[in-house]
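K.L.:
Return atomic coordinates for the entry below.
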Amino acid sequence: MKPRVKDILHVLEAMAPSSLAAPWDNPGLQVGDRDQEVAVVQLALDPTPEVLARAIARGAQLLLCHHPLIFPHVQHLDAGTFPGMVVATAVRAEVSIAAAHTNLDAAAPGINTILAGLLALENVEALEAGSGEAGIGCIGDLAAPMPLSALLRRIREVFRTAALRVVHGAERPIQRIAVVGGSGGSLAAPAAAQGAELLLTGDVTHHQALAARTLGLTVVDAGHFETERIALEHFAPLFAAALKERGWQLVVTVDLEEQAPVTVVT
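P.N.:
The predicted structure follows:
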């Protein structure tokens, strides 16, 4: 017997409990039928029309995204605009859409612990957000201090990008690193308070950069999409293994054609 959407969401809940999500977040089933049988699960970062079209083409019954399709501020679902067009298409195609957002950020293994592993950080622990959202990022140490130039080369390789925005803090070798996939510029203060010399994240604003610089904290903005997408690719086989442990023969794939909505033009 094939598992149903609710069965797969139960496994996801065990790996990334919804209790870990930020109060403003909306993880879980976004649209669909909990009793729908599933043979193919497609993972992606964003539930865009293009991502959904590829999931349908690949025969997926469940599209699992990192970013939710529906947030509390959504008041109308118009089939001619986003996100209503995605909801309408998903219903017609009988594809359920679910999300694991800040709960997956805070989980272990999750977005941030995976990123810490990719950077070979040791002694990894939760980064306290200072607002009741414990563990939204993590912090750890390199085996030995590294010059910033060498570390930037490693970050470019890990995230497969040459586009890094850097806030230069104190001139010193880097060993203790805070990691926050996605938008983590607001966590400069707690990162510095826990001894971080560098914060790796995405979507750093002008004023967040100024605040970090006053703290002597180096910040590397590697991009929202780039910091989360690479982690999602590494989460996929972990999720597939958890499903396989239940004896389910499912196909779990990642949408490798998904592109960042913002590109760098030189």
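K.L.:
Which stretches in the stretch 101-250 of the chain count as helices?
P.N.:
Taking DSSP state H, counting those that start in this stretch, the helices of the stretch 101-250 of the chain run over residues 102-106, 111-118, 148-159, 188-193, 206-214, 224-244.
K.L.:
Which one of those helices lies nearest to Ser18?
P.N.:
When those are compared by CB to CB, helix 102-106 sits nearest Ser18, at 5.4 Å. For glycine as for every other residue, the C-beta is placed from the backbone atoms N, C-alpha and C.
K.L.:
now could you export just the CA positions of that closest one as PDB?
P.N.:
What follows is helix 102-106, C-alpha atoms only, in PDB (Å, rounded to 0.1, in the frame of the first residue of the first chain):
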ATOM      1  CA  THR A 102      11.700  27.700  10.100                       C
ATOM      2  CA  ASN A 103      11.000  24.400  11.700                       C
ATOM      3  CA  LEU A 104      13.400  22.800   9.100                       C
ATOM      4  CA  ASP A 105      15.900  25.700   9.700                       C
ATOM      5  CA  ALA A 106      15.900  24.800  13.400                       C
END
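K.L.:
quick revisit: can you redo the helices of the stretch 101-250 of the chain as a markdown table with mean pLDDT?
P.N.:
A markdown table is the format used below for these (pLDDT from 0 to 100):
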| stretch | mean pLDDT |
| --- | --- |
| helix 102-106 | 95 |
| helix 111-118 | 96 |
| helix 148-159 | 95 |
| helix 188-193 | 95 |
| helix 206-214 | 97 |
| helix 224-244 | 96 |
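K.L.:
Quick check: Arg176 vs Leu115, distance?
P.N.:
According to CB to CB, to the nearest Å, Arg176 and Leu115 sit 15 Å apart.
K.L.:
Compare those two (neighbour count), which wins?
P.N.:
Comparing Arg176 with Leu115 by other CB atoms under 10 Å, the one with more neighbours is Leu115, at 28 against 17.
K.L.:
Enumerate every residue touching the more buried one.
P.N.:
Taking CB atoms under 8 Å, 6 or more residues apart in numbering, we find Leu115 in contact with Cys138, Val179, Gly181, Leu200, Thr227, Ile230, Ala231.
K.L.:
6 Å - rerun?
P.N.:
By CB atoms under 6 Å, 6 or more residues apart in numbering, Leu115 lies in contact with Val179, Gly181, Ala231.
K.L.:
ditto for Ile230
P.N.:
Phe159.
K.L.:
That one and Asp203: what is the separation?
P.N.:
As judged by CB to CB, Ile230 and Asp203 stand 16 Å apart.
K.L.:
do the same with Thr161
P.N.:
Using CB to CB, Thr161 is found at 14 Å from Asp203.
K.L.:
again with Glu257
P.N.:
Glu257 is 23 Å from Asp203, where distance means CB to CB.
K.L.:
Please say which of these two ends up with more neighbours.
P.N.:
Neighbours per residue, other CB under 10 Å: of Glu257 and Asp203, the larger number sits with Asp203, 18 against 9.
K.L.:
buried stuff in stretch 89-107?
P.N.:
Neighbour-count burial for stretch 89-107, with 16 or more other CB atoms under 10 Å as criterion, is recorded at 89-90, 95-107.
K.L.:
typed the wrong thing, it's stretch 116-123
P.N.:
So, applying 16+ other CB under 10 Å, buried residues of stretch 116-123: Ala116, Gly117, Leu118, Leu119, Leu121.
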